[in-house]
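Asker: Just a sequence and a predicted model for now, questions to come.
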Amino acid sequence: MIKETIVTTQNNSGLAHIAPMGIHANGDAIIIQPFRPSTTLNNLLESKTAVINYCDDVRVFAGCLTGRRDWPMTSAEKINGQVLQCTLAHTEVELVRIEDDSTRPKLFCKAVHTVNHAPFTGFNRAQYSVLEAAILISRLNRLPMEKIESEIDYLRIGLDKTAGDKELEAWAWLMAIIDNYKAEATL
Ligand SMILES: Cc1cc2nc3c(=O)[nH]c(=O)nc-3n(C[C@H](O)[C@H](O)[C@H](O)COP(=O)(O)O)c2cc1C
């Protein structure tokens, strides 16, 4: 199963980096698959550690894709790393081995510590819409605009019916990116 999470890493100078990543989780075994080039990949190879944040504030996902990466963090407990303050839970992981690939290496990690911070309070369709829209934006220059627009129209249905303030804010950031991209394409 793939879970959409926020992965936080840091380089040897202690500079933290935050990125949405779909992780494969099977018990304590976790696989992270960053596309090259990737700061997450570089940091993991350097520090051999990462934090998986299970976060339902979709502004962090949309924020990372729209240049808003400055989310409050605190120190991890068992490894040298950073935890998102708004996360519902987090797992601290250590890199075990790498299956290298020129496009998308597989980083096999093991969970060393998990902490629950707040309860999961239920699924929300608008959160799904924001995550899917964020993925579309991460592929903006690889997908035809007609496909992006038709998928956004569909995702907007769940958003309009169920969004709260955070989801609406995240959605607006993502739509601004699409609008700018279209405006630049017609210049
Ligand atoms: C929900 C979601 C899941 C994503 N999963 C991945 C992933 O598994 N691997 C990846 O390379 N990028 C993924 N992305 C895109 C990255 O977050 C984005 O391109 C980021 O900048 C990765 O590069 P970095 O490590 O240099 O930050 C995902 C984006 C979203 C919104």
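Answerer: Done, it's in.
Asker: contacts, neighbours, all on C-alpha from now
Answerer: Noted.
Asker: who in this structure is up against the ligand?
Answerer: With Cα under 6 Å from any ligand atom as the criterion, the chain comes near the ligand at residues 4, 19-22, 33-35, 38-40, 61, 131, 134-135, 138.
Asker: Strands along this structure, start to end?
Answerer: Along the chain, the segments classed as strands by DSSP state E run 2-10, 16-26, 29-32, 49-54, 73-75, 82-84, 89-99, 106-116.
Asker: PyMOL command for the buried members of the residues of the chain next to the ligand?
Answerer: In PyMOL, this line selects whichever of those come out buried by 16 or more other Cα atoms under 10 Å:
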select buried, resi 4+19+20+21+22+33+34+35+39+40+61+131+134
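Asker: Identify, from the residues of the chain next to the ligand, the entry nearest to Val96.
Answerer: Gln33 (13.8 Å; Cα to Cα).
Asker: what residue is smack in the middle of the protein?
Answerer: Pro20 (1.2 Å; Cα atoms, centre = their mean).
Asker: Distance check, the nearest residue to Arg125 once chain neighbours are set aside against the ligand.
Answerer: Leaving aside its chain neighbours, Arg125 sits nearest to Gly158 (5.4 Å; criterion: Cα to Cα, 6 or more residues apart in numbering). Remark: distance between Gly158 and the ligand (Cα to the nearest ligand atom, to the nearest Å) = 17 Å.
Asker: Ok, Arg59 next?
Answerer: The value you get for Arg59 to the ligand, if Cα to the nearest ligand atom is used, is 10 Å.
Asker: re the thing from before, quick one: which two of the residues of the chain next to the ligand are the most distant?
Answerer: Thr39 and Leu131 (20.7 Å).
Asker: Please compute how far the longest helix seen in the chain lies from its chain's middle.
Answerer: For the chain, the longest helix by residue count, based on DSSP state H, is helix 165-185. Centroid displacement of helix 165-185 relative to its chain, using Cα atoms, centre = their mean, to the nearest Å, is 17 Å.
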